[in-house]
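Participant: Could you look at this predicted model? Sequence included:
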Amino acid sequence: MNVRDWSTQPPSLPFAVLDVETTGLSPARDRVIEIAIVRCAPDGTVIDEWSTLVDPGRDPGPTHIHGISSTDLKGAPTFEAIAEELRTRLAGSMVAAHNLSFDAGFLAAEFERAGASTPDRPAVCTLQLARFVLPNNGGYSLAACAAALGIDHPNAHRALPDTRVTASVLAALIQILHPPSDQDALPFG
């Protein structure tokens with residue numbers, strides 16, 4: 001979705017905000033080891049959360065970054081085993097992620113490995129949206145965007161905490177673009 005469109009029209013679909021943790025940076029070589037989705041109403045209000053570790057069938061990669069060890073992954077489902085659950089959780093929503101191309105690249109590679117098509121959903125990147133809404137921020141990492149918006153960012157580089165922060169950043173950016181009208185703020189308007 002073109003983020004400039006949001007300056008005139010607020011979003012109307014609910015969001016499926018997602019984040020993945022991976023064994024590395026290349027979707028062709030590396031694998032997803034954790035995924036989380038926070039579903040939100042169009043205004044950013046959280047509806048529900050879901051996360052799971054994912055058995056990559058290999059070493060978990062940079063444990064010093066994501067904190068996920070081989071021991072943590074014992075007994076975790078494979079991506080193939082969660083593919084339909086993931087598809088269901090994305091259905092009817094606009095997908096949102098911070099640096100969407102990274103997450104989307106990994107999901108596309110994992111769905112392909114599982115022999116399934118990638119869900120075709122409208123999507124928005126909170127990184128691109130933040131660049132539009134906060135043009136002089138100085139940095140656009142998730143941590144920098146959260147700090148600029150006064151949002152705490154605990155336990156970075158784990159999927160569910162990062163997804164919660166991304167959902168909060170998305171809600172704050174939506175509110176900046178489309179502040180509630182005074183009429184909306186009245187309790188019996």
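Facilitator: That came through, no problem.

Participant: Going by residue numbers, what spans are strands in the protein?
Facilitator: 15-22, 32-40, 46-53, 94-97, 123-125 (DSSP state E).

Participant: Export the ones you listed to JSON lines and append columns for mean neighbour count.
Facilitator: Using the backbone N, CA and C atoms, a C-beta is placed for each residue, glycine as well. Conversion of the strands of the chain to JSON lines gives the following (neighbours: other CB atoms under 10 Å):
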{"stretch": "strand 15-22", "mean neighbour count": "27"}
{"stretch": "strand 32-40", "mean neighbour count": "25"}
{"stretch": "strand 46-53", "mean neighbour count": "16"}
{"stretch": "strand 94-97", "mean neighbour count": "24"}
{"stretch": "strand 123-125", "mean neighbour count": "21"}
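
Participant: Show me where the chain dips below the pLDDT cut-off.
Facilitator: The chain contains residues with pLDDT under 70 at 1-4, 6-7, 182-189.

Participant: how about the helices in it?
Facilitator: Ranges of helices within the chain are 63-66, 70-73, 79-90, 100-113, 126-133, 142-148, 159-177, 182-185, based on DSSP state H.

Participant: Without its sequence neighbours, what residue ends up closest to residue 11?
Facilitator: residue 42 (4.9 Å; CB to CB, 6 or more residues apart in numbering).

Participant: That neighbour - how many residues pack around it?
Facilitator: When neighbours are defined as other CB atoms under 10 Å, residue 42 has 15 of them.

Participant: Quick one: closest of the strands of the chain to residue 150.
Facilitator: Closest of these to residue 150 is strand 46-53, at 17.6 Å (criterion: CB to CB).
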